[in-house]
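Q: Pasting the sequence and the predicted coordinates here, then a few questions.
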Amino acid sequence: MHYAYAEQFRKALVTWFEQEKRDLPWRHTKDPYKIWVSEVMLQQTRVDTVIPYYTRFLEHFPTMDALANAEEELLLKQWEGLGYYSRARNLQAGVREVVEVYGGVVPNTREEISKLKGVGPYTAGAVLSIAYGVPEHAVDGNVMRVLSRVLNIHDDIALPKTKKVFEAAVDMLIDRDNASSFNQGLMELGALICTPTSPKCLLCPVREYCTAFHEGEPEKLPVKTKKVKTKPLYYDVYVMRDEAGNLKVEQRDASGLLASMWQFPMIERGDDVFTPTLLEQQYDVTITTKENLTTLKHIFSHLVWHMDVFVVDVAGVQQHWVTFEEMKKYPMPVSMLKILKAYENSLG
DNA sequence: AACCCGGGGTA
DNA sequence: TACCCAGGGTT
């Protein structure tokens, strides 16, 4: 793209964004902390999903000090249902680093801000440009789709090295006097106009600069090869109830899937596995009654949980289990919240 | 570079 | 179903 075209492109994009941008909660602030929170929540997560979480999160943790001092359980409870829970822990770790190392001021250079936990190339560029106006690239899925079409880039965006191509493109095109609106404009365009299927080219403010539009098949871009196969897993899940009616809740492993989140005991089914016996052995109890509660399917990105859920009354409990109301304080993944709901309904 | 990490919306 | 979403960390 020639220099004169680049200038017209960036002006058309910025003008369109500033006229047509959606009214979103994080667009009412330039507080780097709040921008940071929004960007982390928006990773792999849609705007409409994030909005209520963002508002509630900042009510609980309005400042970096508040978040830095928060209990992890409270933090995760605020994140409950949003997914990718390590984002929350990384955000808190990063905020603590800003408080302790940078005197409570979010760094304004890519080199420094990138050192913070949970701040990768995209989030670094987003916070720098939106909060501070620094002309740094912020390349996400939207930006790669938009620019692959505008510039007719056919590199496979599933390959890590391809992102460098788009970062270089943004470096060439970015409005150095209004990096915030330029970067947000690219993303807004991807969200509203330059969508994955059926892009609304007739409404596009930059279609006259768009190679894919002129060639007639913008929906063919970007090129993306990878595809993931979901693997099924089969579990028996137990709502265990002692003589007092208290329930067993346990914390998952600190690493891996749903790390440190809380759950009802679950045992993977297998050919030579009778899960009630395993349950009695693992928890040192005796099952006195057992009834079906529900059957649930829970879909993750890469796997599917098929869960048969049972309510069992048990004898021989030594520890203190929790009441139904206490259970609600524990951060749980959506799969377990569904079971909690089913159990609540079964009580009538 | 490959793999892992949630959950929900949409065509 | 399959794909996508304001990605980052680990290995």
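A: That came through fine. What you see is a predicted model; the values in this text were computed from it and never measured. Numbers count the residues shown, from 1 in each chain, chains lettered A, B, ... in the order given.
Q: going forward, measure contacts and count neighbours with C-alpha atoms only.
A: Fine.
Q: Skip the chain neighbours and tell me the closest residue to residue A:329.
A: Spatial nearest neighbour of residue A:329, excluding adjacent residues (Cα to Cα, 6 or more residues apart in numbering): residue A:77 at 7.4 Å.
Q: name the element the one you found belongs to?
A: In this assignment (DSSP states H and E), residue A:77 forms part of helix A:72-79.
Q: list the buried ones in that helix?
A: When burial is assessed from 16 or more other Cα atoms under 10 Å, helix A:72-79 yields the following buried residues: A:72, A:75, A:76, A:77, A:78, A:79.
Q: per-residue confidence at residue A:3?
A: Per-residue confidence at residue A:3 stands at 74 (pLDDT).
Q: And for the residue nearest to residue A:130 when sequence neighbours are not counted, the neighbour number?
A: Distances taken as Cα to Cα, 6+ apart place residue A:180 nearest to residue A:130, at 4.3 Å, with adjacent residues excluded. By other Cα atoms under 10 Å, 26 other residues sit near residue A:180.
Q: Quick check, pLDDT for residue A:180.
A: On the pLDDT scale, residue A:180 gets 98.
Q: Close to DNA strand C: what parts of the stretch 51-200 of chain A are there?
A: A:84, A:90, A:116-124, A:126, A:140-142, A:145, A:184, A:187-188, A:190-191, A:196 (Cα under 7 Å from any atom of the strand).
Q: Just the buried ones among the residues you listed, please.
A: By 16+ other Cα under 10 Å, those give A:84, A:90, A:116-124, A:126, A:140, A:142, A:145, A:184, A:187-188, A:190-191, A:196 as buried.
Q: hang on, the earlier thing: and the residue nearest to residue A:130, that's in a helix?
A: Yes: looking at residue A:180 with DSSP: H, G, I helix; E, B strand; the rest coil, it is inside a helix.
Q: and the gap between it and DNA strand C?
A: From residue A:180 over to DNA strand C the distance is 10 Å, taken as Cα to the nearest atom of the strand, to the nearest Å.
Q: Correct me if wrong: that residue contacts residue A:137.
A: No: the pair formed by residue A:180 and residue A:137 falls short of the contact definition of Cα atoms under 8 Å, at 10.0 Å.
Q: could you pull out the strands for the stretch 201-348 of chain A?
A: Secondary structure of the stretch 201-348 of chain A by DSSP state E, counting those that start in this stretch: the strands cover A:231-241, A:250-251, A:262-263, A:266-268, A:286-299, A:303-315.
Q: Out of these, which is closest to residue A:12?
A: strand A:286-299 (41.0 Å; Cα to Cα).
Q: and residue A:147, what is it in contact with?
A: Taking Cα atoms under 8 Å, 6 or more residues apart in numbering, we find residue A:147 in contact with A:153, A:166, A:169.
Q: Identify, from those residues, the entry nearest to residue A:94.
A: Looking across the contacts of residue A:147 and measuring by Cα to Cα, the closest to residue A:94 is residue A:166, at 26.6 Å.
Q: Can you pull the poorly scored residue ranges out of the stretch 1-150 of chain A?
A: Applying pLDDT under 70 to the stretch 1-150 of chain A picks out residues A:1.
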